[in-house]
Each structure stands twice: as structure tokens, then as C-alpha cells.
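[1] The sequence isn't on hand, but the structure is:
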């Protein structure tokens, strides 16, 4: 049963990667990156029980923390750049 | 003087879960690691003090109990709207009708407004775009979801959280 | 009793896997950013609750359950904040959420 969930999570990570590659605006790519990170946390929790190694859960928690901070940091960076000059460049029209 | 004692009480209330979390996660009880743990807990409290976290009353008495019943109601809503969104995604014609709704938040407290906006975002099908001056603009995936929001059930429940 | 817990946790895990997949599919199919975020929030909330809930039933009353509960709580508290930051940054950059029925304008890709 763990294998099915692992497989579903991996497929969804592939779909998120597809969105990150396709995504017309930079925000689509960031959304995909955020999704990918959340799926990684779920995958790590499942794999911890699939292989019977509960210490993977600490990795999952750390990954959740880093993912959140990372998305916020990249958003700040983008917003600063947009304020700096070329606004609306990434509106993808 | 009473504000100082209040601040110290709030700091102690925060310190207890922090220390418990460190002890639970580390699992190694050597003096060096315990010292490092105490240092990080105190550092966290210092940073929170600089963020002026202790100036406002976040958890009133009885707030936690009501929060749990609110979470149960929210879980029910999340399940309901998740099924709706899943049906929309799976149907071949993709029947979406996006709409932007402006909601007035009845609650004054910034924490309550954050709870309301986060609950809206947490429910699939609705997404809080912006909170400004007690007005929340929400992006809804379908017209039905927008109408559901306009009824203001969630707003009423969040307001009831802080009633004494 | 163990049997009952096993079956319940399998049901939760299967439903969680299905929701994860539907969310990923939605993120790929939806026509613009804001609608995609709805699909992404589907995987963030209910799929996370179902999968981690299913594992918690398997783990029983151990330290692992407490850690899983912490992970779940953290995910549920941060994912709306991240989505909100993303949405407001997109709005500030001038990416307007269209009202009414959105034409699927990215089909040409």
C-alpha cells in the first residue's frame, strides 16, 4: 500500500516539474516548486515507514521548514527586482 | 509594572513548549546539547521579543477550546470543497467560473483576520488574495463557491472564537 | 482491532494518493495561475491530512506519531501563508485574475 502512495506522489512530482517547465510566468514556476516541496515532505514521511526508518521524519520536518522559507525568500527577491525597474515583464502575455 | 509581568508570563508560556520540543527531538541528554538547546530557546524568545510578539494578547482564555471545535468545522468544509474541486479537475470540460469577491471581515484583531484569511486559503476552491483594512479579496474557483463565501458563515464562526 | 486500524489506514492512504494525483493533474490542466493555485491547495491540505493521518494510524502511539503531527501542523500553518504570499506578489506584479469564464489561453503550448 505504501508503494501505491509513493508512486502517486512521484507521478505528481513529475507533473509539478512539467508545470515548472511549461509555466508561462515566474509565479507558475514558483507554485510548482512549492508543490514539489510539499510532495517531497509527504514522500519522505511515506518512505520513512516503507523502509522502517523513522529518522527520515526529521528530514521531512526540516524539508518542510526549508521549503517554506525558500519560497518566501524567492518571492521577496522577485518583488525587489520588480520594484527596481522592469515591472510587468513576467506577465506572460 | 503589570505590563512587564504580563510580558514575562507570556515568555514563560512560550518557553515551555520550546523546551519540550527540544527535549523530544534531540533525545540526547548531555550537558553540551542541553546547553545548546537552552541557548536556542532563549534566542528564539529574544527574536520574538524584538518582533513585538509579546505586546499583544494572542491566546485569550478558552480560545484554544473553541479553536478545536472551529478546526473540526473547518475540516468538514475542507473535505466538502475538496470533493468539489476534485470533480471539477477530473471532468473533461473543466467547468470553472472564476470570480473575485470582496469580503468584509467582522473581526478586528489581526490574529483573527489572519485565521480567517488562512482558513479561506486552506479551503480548496477559494484563495485569499489580499487583506487590507479588514477587507479580504478572495479568488473563488466557481460561482457557487463565491456565493457560499458571501453568506459569511466562516466570518461569523471566526468572530465567535473571541467572544467571552 | 489491529485489522480495523490497518484497513482504515489503507483507505486513508489510498484516498490521499488519489487526491495527490488529482491535484497534480489540476495544476497541469488549469488555464491560469490563480486557478492552478486552487488545484495545488488541494494537494497541500486534504492529501497531506489523509496521507499523514494514514501513516499515523500505522505508527500507533509512538514518538513517530508526535513527529508526524508536528509535520502536519506545520504544513497546514505554512501552506496558506506561502500561497497568500505568492498570490499577492503575483497581483503586485500586475498579473490580473480575470473575472468570468476564462478562456483556456495556454492550449497552444
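    Okay, I see it. It should be emphasised that the depicted structure is a prediction, and the values quoted were computed from it without experimental measurement.
[2] so who does the closest residue to residue B:94 other than its chain neighbours touch?
    Residue nearest to residue B:94 in three dimensions, not counting chain neighbours: residue C:29, with 6.5 Å by Cβ to Cβ, 6 or more residues apart in numbering or on different chains. Every residue, glycine included, has its C-beta placed from N, CA and C. By Cβ atoms under 8 Å, 6 or more residues apart in numbering or on different chains, residue C:29 lies in contact with B:89, B:94, C:39.
[3] got TSV for those, with pLDDT and secondary structure too?
    Output for the contacts of residue C:29, formatted as TSV (pLDDT from 0 to 100; DSSP: H, G, I helix; E, B strand; the rest coil):
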residue	pLDDT	secondary structure
B:89	85	helix
B:94	77	coil
C:39	85	helix
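[4] possible to save those as TSV with neighbour count?
    TSV is the format used below for those (neighbours: other Cβ atoms under 10 Å in any protein chain shown):
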residue	neighbour count
B:89	25
B:94	15
C:39	28
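[5] So which of these is the closest to residue B:34?
    Using Cβ to Cβ, residue C:39 comes nearest to residue B:34 of those, at 45.6 Å.
[6] tell me how far the top helix by length along chain A is from the chain's mean position?
    In chain A, taking DSSP state H as the definition, the longest helix is helix A:56-84. How far helix A:56-84 lies from its chain's middle: 9 Å, per Cα atoms, centre = their mean, to the nearest Å.
[7] near chain B, anything from it?
    Yes - counting by Cβ under 8 Å from any Cβ of the partner chain, chain B is contacted by helix A:56-84 at residue A:58.
[8] Buried residues of that helix, list them for me.
    A:56-57, A:59-61, A:63-64, A:67-68, A:70-72, A:74-75, A:78, A:82 (16 or more other Cβ atoms under 10 Å in any protein chain shown).
[9] which helices and strands sit right next to it?
    Judged by 3 or more Cβ pairs under 8 Å, 6 or more residues apart in numbering or on different chains; DSSP states H and E, helix A:56-84 is in contact with helix A:26-50, helix C:63-92.
[10] And residue C:53, how close does it get to chain B?
    Per Cβ to the nearest Cβ, to the nearest Å, residue C:53 is found 11 Å from chain B.
[11] Excluding chain neighbours, what is closest to that residue?
    residue C:12 (5.2 Å).
[12] ok, the one you found touching residue C:48?
    No - contact criterion Cβ atoms under 8 Å: residue C:12 and residue C:48 do not qualify, at 11.5 Å.
[13] ok, these two, which is more surrounded?
    residue C:48 (24 against 21; other Cβ atoms under 10 Å in any protein chain shown).
[14] now the more buried one: how far from chain B?
    For residue C:48, the distance to chain B - Cβ to the nearest Cβ - is 11 Å.
[15] okay, residue C:100: pLDDT?
    Each residue has a pLDDT score; the one for residue C:100 is 42.
[16] returning to what we had before: contacts only, for the residue nearest to residue C:53.
    Each residue near residue C:12 by Cβ under 8 Å, 6+ apart is listed here: C:50, C:51, C:53, C:54, C:57.
[17] Next, the contact list for the fourth one, please.
    Neighbouring residues of residue C:54 by Cβ under 8 Å, 6+ apart: A:5, C:9, C:10, C:11, C:12, C:13, C:16.
[18] now the angle from the one helix or strand in chain C whose mean pLDDT sits lowest to helix A:26-50?
    Counting by mean pLDDT, DSSP states H and E, chain C has its least confident helix or strand at helix C:33-42, which shows a mean of 84. Helix C:33-42 and helix A:26-50 are oriented at 10 degrees to each other (axes from the mean of the first three to the mean of the last three Cα atoms, to 10 degrees).
[19] by how many degrees do the helix or strand of chain A with the lowest mean pLDDT and helix C:63-92 diverge?
    Counting by mean pLDDT, DSSP H and E, the weakest-scoring helix or strand in chain A turns out to be helix A:56-84, with a mean of 82. Inter-element angle recorded for helix A:56-84 and helix C:63-92: 10 degrees (by the same axes, to 10 degrees).
[20] so where's chain B shaky on pLDDT?
    For chain B, residues meeting the criterion pLDDT under 70 lie at B:1, B:56-63, B:163-164.
[21] Would you mind naming what in it lies close to chain A?
    Checking chain B against chain A by Cβ under 8 Å from any Cβ, the hits are residue B:25.
[22] Helices along chain B, start to end?
    Using DSSP H, helices in chain B cover B:2-26, B:31-50, B:63-90, B:110-122, B:143-150, B:153-161.
[23] Which elements pack onto the fifth one?
    Counting contacts by 3+ Cβ pairs under 8 Å, 6+ apart, helix B:143-150 packs against helix B:63-90, strand B:99-104, strand B:126-132, strand B:135-140.
[24] Could you export the ones you listed as CSV, including distance to residue B:10?
    Putting those into CSV (distance: least, Cβ to Cβ, whole Å) gives the following:
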stretch, distance to residue B:10
helix B:63-90, 14
strand B:99-104, 31
strand B:126-132, 25
strand B:135-140, 28
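[25] which one of the ones you listed lies closest to residue B:160?
    helix B:63-90 (7.3 Å).
[26] Name the nearest residue to residue B:118, sequence neighbours excluded.
    That would be residue C:80: by Cβ to Cβ, 6+ apart, it lies 4.2 Å from residue B:118.
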